[in-house]
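> Predicted model and sequence follow; I will ask about them next.
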Amino acid sequence: MKRIVVGVLFLAALVGFTGCDDEKMQDGKNPPVYVEYYMDCYSEAETMSLKATDNGLVVYIDGEQVHVDDRLPSQWKRFKELSERNGDYCNRKIPFALFMSPRSAYVNFVRLDVQCDRAWDATHPAGSSLNDLFRAQSSSFAEMIRSEYRLLGVSEIDFLLSDAVPEDLKMLNAVSNVCCWLVYTTPPAEAGDYTLTVTMETDEGVVLTQSAVLTFE
């Protein structure tokens with residue numbers, strides 16, 4: 001598995017985060033805010049749609065939003081289940097600006113595959129996997145958990161699908177409905193229409209599949 005972490009967006013690098021320094025985290029007149037869980041929402045994976053681009057596909061995932069709200073017992077139970085599964089035990093103060101910004105992740109995926117209805121080239125016949133020809137680009141909150149909150153926010157990620165492991169597909173950013181971009185590394189050998197089928201599977205066995213046409217001239 002070869003993961004490229006392109007960059008980390010965090011507003012709390014001012015803080016060592018082995019402890020909390022309220023003064024350093026001060027946001028104008030707004031003090032930092034204590035949170036039990038860093039994430040405040042998870043998005044279920046219920047539907048998938050695709051959009052063709054000049055260099056691949058955009059993958060949109062939509063589903064019910066599960067918020068951190070102990071006034072709603074069913075949501076609260078599901079939210080805690082997902083948070084504990086991800087190891088999100090923040091239990092500290094975060095800058096007010098981060099507290100006010102959306103902090104939403106998808107449920108975890110374990111598989112992302114791309115196939116085509118016709119031969120892409122001599123070594124990729126119709127129906128074969130194109131995972132070694134497509135890169136996934138997205139952002140994820142998983143690096144934050146791995147860093148034990150020394151880094152806050154999302155990390156930009158970029159990996160070849162054939163190298164992917166489930167860890168690469170954890171806690172993908174769900175602030176918008178864009179789950180990821182799939183970018184081909186090599187165009188097909190011949191011009192024409194190519195129907196690509198994308199399949200994603202969650203760690204709970206939910207499988208989403210959708211197809212879209214890429215046209216090459």
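Received it, and whenever you're ready, just let me know what you need. Residues are numbered from 1 along each chain as shown.

> What's the mean pLDDT across stretch 154-162?
If you average the pLDDT over stretch 154-162, you get 96.

> what's the spacing between it and its chain's center?
9 Å (C-alpha atoms, centre = their mean, to the nearest Å).

> got the CA positions of it in PDB?
The C-alpha coordinates for stretch 154-162 follow below in PDB (Å, rounded to 0.1, in the frame of the first residue of the first chain):
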ATOM      1  CA  VAL A 154      -8.600  16.600   7.100                       C
ATOM      2  CA  SER A 155      -5.600  15.200   5.300                       C
ATOM      3  CA  GLU A 156      -5.600  15.200   1.500                       C
ATOM      4  CA  ILE A 157      -5.000  11.600   0.200                       C
ATOM      5  CA  ASP A 158      -4.000  10.200  -3.100                       C
ATOM      6  CA  PHE A 159      -3.500   6.500  -3.800                       C
ATOM      7  CA  LEU A 160      -3.500   3.900  -6.600                       C
ATOM      8  CA  LEU A 161      -6.600   1.700  -6.200                       C
ATOM      9  CA  SER A 162      -4.600  -1.500  -6.600                       C
END
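
> any idea which residue sits dead centre in this protein?
With distances taken as C-alpha atoms, centre = their mean, Leu172 lies nearest the centre of the chain, 1.5 Å away.

> which ones are touching that residue?
105-106, 109, 138-140, 179-180 (C-beta atoms under 8 Å, 6 or more residues apart in numbering). For every residue, glycine as well, the C-beta is placed using N, CA and C.

> and the closest residue to it other than its chain neighbours, bridged to which residues?
Leaving aside its sequence neighbours, Leu172 sits nearest to Tyr106 (C-beta to C-beta, 6 or more residues apart in numbering; 4.8 Å). Tyr106 has these beta-bridge partners by DSSP bridges: Ser43.
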